[in-house]
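Visitor: I would like the atomic coordinates for the input below:
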Amino acid sequence: MSTAVSSGVFRQDATVIGLVGFAHATSHFFHLMLPPLFPWLMTEYSLSFTQVGALMSVFFAVSGIGQALAGFLVDRWGAHRVLCAGVALLATSGILVAAAPALWGLYVAAFVAGLGNSIFHPADFSLLNHRVSQSRLGHAFSVHGLSGNLGWATGPIVMTAAASSFGWRTAGVVAALIGFAALSGLWWKRDELSNALVGASRDTGKRARGSDVTVSGLLKLPLVWFAFSFFFLSTLVLAALQNFAPSLMRSLYGLSLAAGTSALTAYLIGGAAGVAMGGFLTGDNRNEERIVGLAFLTSAVLALILAFSLTPRWAVIGVMALMGCGVGLAGPSRDMLVRKCAAARLGTGAFGRIYGLVYSGLDVGLAAGPLIFGMMMDAGKPRLVFIGIGLSFVLATIAAQAMARQVKSPA
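Guide: Coordinates of the predicted model:
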């Protein structure tokens, strides 16, 4: 490949990775558009915790169902068009929050936001797989994961600051402006996101097949269920820690609320660091399932150490950071493994559908995790939570190995 062509490929790779990353950060920002506003909304409309919590139940229910179906729209209409539609829906949800005349208006906003969020994994990963050169896919997946963490980190800060300074309705407008900024970038660089990669071969033969795969056909494939289970199990861990980490730290180690919250922060920071490192571990000839297995099994051991209080109090935050690092380290390899499975069994023509279906396990895990582990907390069994986290890691590892066998077995 000539220097000019190589430079062109690099620029296009950087453009696609940057824009898709910004869009993914925007989607995660909107995950936390409403929760920071709960204190204001509860006062404004005299709401209970259950009522405001139901807003997020609507969000994730719509997102989970929609994600399983959005992949078909991606494969039929194109990832860029669908991604733009999703970002536009997110921006619209911010306007709906600002203009909500009553509680029902907030539920409409949550529904629209969930609908917009549903398209991101099938659209993002289809764009990255089709528009980024193979040698940089691992780094692309790493940036994708990091940008999501950045969106989670900035959401509460921006929304709380805007609501505190100008009111919760203005905070909705601020969220909308962030959504429209992402949409503007996607539209401005539409040629780079819609045209074929410079110097890359077009999908032909076996790799181009899959465009005619139906829902029933996908649901008959063991690969789909192995991958769905993998994402469901790995996300149960995040759901457990996001909701109960401070209480777990207080129950098992006697830590204060502030220290328990710091342990959760350490887990998330460790996860971000792991994702950054994980991009260097993926590639065409790597055994991603081994990387995922080693990282998850190490995290499982750390979860059991926490469950049985085998570490001193002063080391808890460090153990949580290491556990998060293990989960993050597996992220890019996880995404590459799904890509290899989809390409080997279905072809690139079905990327949108396969990503939409299997990544819906994330939303199901986020919805089910608080219920499963919440019952353990209510029963006064905090150790069972960390034991359950460790078991989830082990079962997710088994699912990853099963996915890998799907690549190696005859089609």
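Visitor: may I have stretch 151-165 as PDB, with CA atoms only?
Guide: In PDB, the C-alpha atoms belonging to stretch 151-165 read as follows (Å, rounded to 0.1, in the frame of the first residue of the first chain):
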ATOM      1  CA  GLY A 151     -20.400   9.600  28.800                       C
ATOM      2  CA  TRP A 152     -21.300   8.000  32.100                       C
ATOM      3  CA  ALA A 153     -18.800  10.100  33.900                       C
ATOM      4  CA  THR A 154     -19.900  13.500  32.400                       C
ATOM      5  CA  GLY A 155     -23.700  12.900  32.500                       C
ATOM      6  CA  PRO A 156     -24.300  13.400  36.300                       C
ATOM      7  CA  ILE A 157     -21.800  16.300  36.400                       C
ATOM      8  CA  VAL A 158     -23.300  18.200  33.500                       C
ATOM      9  CA  MET A 159     -27.000  17.500  34.400                       C
ATOM     10  CA  THR A 160     -26.600  18.300  38.100                       C
ATOM     11  CA  ALA A 161     -24.600  21.500  37.400                       C
ATOM     12  CA  ALA A 162     -27.200  22.700  34.800                       C
ATOM     13  CA  ALA A 163     -30.200  21.900  37.100                       C
ATOM     14  CA  SER A 164     -28.500  23.500  40.100                       C
ATOM     15  CA  SER A 165     -27.700  26.700  38.200                       C
END
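Visitor: what's next to it, contact-wise?
Guide: For stretch 151-165, the external contacting residues (C-beta atoms under 8 Å, 6 or more residues apart in numbering) are 24-33, 35-37, 40, 170-171, 174-175, 178, 268. C-beta here means a position set from N, CA and C on the backbone, and glycine is covered the same way.
Visitor: that one: which residues count as buried?
Guide: Buried residues in stretch 151-165, counting neighbours by 16 or more other C-beta atoms under 10 Å, are found at G151, W152, A153, G155, V158, M159, T160, A162, A163.
Visitor: gap between the nearest residue to the first one once chain neighbours are set aside and T50?
Guide: Right, G151. In this structure, G151 finds its nearest non-sequential neighbour in H28, 3.0 Å apart by C-beta to C-beta, 6 or more residues apart in numbering. Separation of H28 from T50 (C-beta to C-beta, to the nearest Å): 25 Å.
Visitor: the more surrounded of these two?
Guide: H28 (19 against 8; other C-beta atoms under 10 Å).
Visitor: so the more buried one touches L146, yeah?
Guide: No. H28 is not in contact with L146 according to C-beta atoms under 8 Å; the separation is 10.6 Å.
Visitor: coming back round to it: sec struct for the residue nearest to G151, please.
Guide: Look at H28: counting by DSSP: H, G, I helix; E, B strand; the rest coil, its state is helix.
Visitor: kindly state the pLDDT recorded for it?
Guide: With respect to pLDDT, H28 scores 91.
Visitor: residue contacts, it?
Guide: Residues near H28 by C-beta under 8 Å, 6+ apart: S147, G148, N149, L150, G151, W152, G155.
Visitor: for F59, same thing?
Guide: Contact partners of F59, counting by C-beta under 8 Å, 6+ apart, are H31, L34, A110, F111, A113, G114, N117.
Visitor: one step back: and the residue nearest to G151, how far from G18?
Guide: Using C-beta to C-beta, we find H28 at a distance of 16 Å from G18.
Visitor: cool, R383 as well?
Guide: Distance from R383 to G18, by C-beta to C-beta: 44 Å.
Visitor: W40 too?
Guide: Distance of W40 to G18, computed by C-beta to C-beta: 34 Å.
Visitor: the more surrounded of the two?
Guide: W40 (17 against 14).
Visitor: pLDDT score assigned to L371?
Guide: Looking at L371, its pLDDT is 78.
Visitor: buried set for the host helix or strand of it?
Guide: Applying DSSP states H and E as the criterion places L371 in helix 351-378. For helix 351-378, a neighbour-count test (16+ other C-beta under 10 Å) marks 351-367, 369-370, 373, 376-377 as buried.
Visitor: could you point out which element follows that helix?
Guide: Where DSSP H and E defines the elements, the next helix or strand beyond helix 351-378 is helix 382-408.
Visitor: V173 touches G94, doesn't it?
Guide: Yes. The criterion here is C-beta under 8 Å, and V173 meets it with G94 at 6.6 Å.
Visitor: these two: who's more crowded?
Guide: Neighbour comparison, V173 and G94: the larger count goes to G94, with 26 against 16 (by other C-beta under 10 Å).
Visitor: next, L47: secondary structure please.
Guide: At L47 the chain is in coil, as set by three-state DSSP.
Visitor: can you check what pLDDT the model gives it?
Guide: Looking at L47, its pLDDT is 82.
Visitor: which one is it nearest to, not counting chain neighbours?
Guide: The shortest distance from L47 to any non-neighbouring residue, by C-beta to C-beta, 6+ apart, is to L41 (6.0 Å).
Visitor: C-terminal to whatever helix or strand the one you found lives in, what's the next element?
Guide: For L41, the host element (DSSP H and E) is helix 38-45. The helix or strand immediately downstream of helix 38-45 is helix 49-77, counting by DSSP H and E.
Visitor: centre of the chain to that following helix, how far?
Guide: Here helix 49-77 is found 13 Å from its chain centre; the criterion is C-alpha atoms, centre = their mean, to the nearest Å.
Visitor: can you give me the buried ones in it?
Guide: Buried positions in helix 49-77, judged by neighbour count with 16+ other C-beta under 10 Å: 51-52, 54-56, 58-75.
Visitor: hmm, back to that, could I have the buried ones of the contacts of stretch 151-165 as PyMOL selection syntax?
Guide: Typed into PyMOL, the line below selects the buried ones among those, using 16+ other C-beta under 10 Å:
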select buried, resi 24+25+26+27+28+29+30+31+32+33+35+36+37+40+171+174+175+178+268
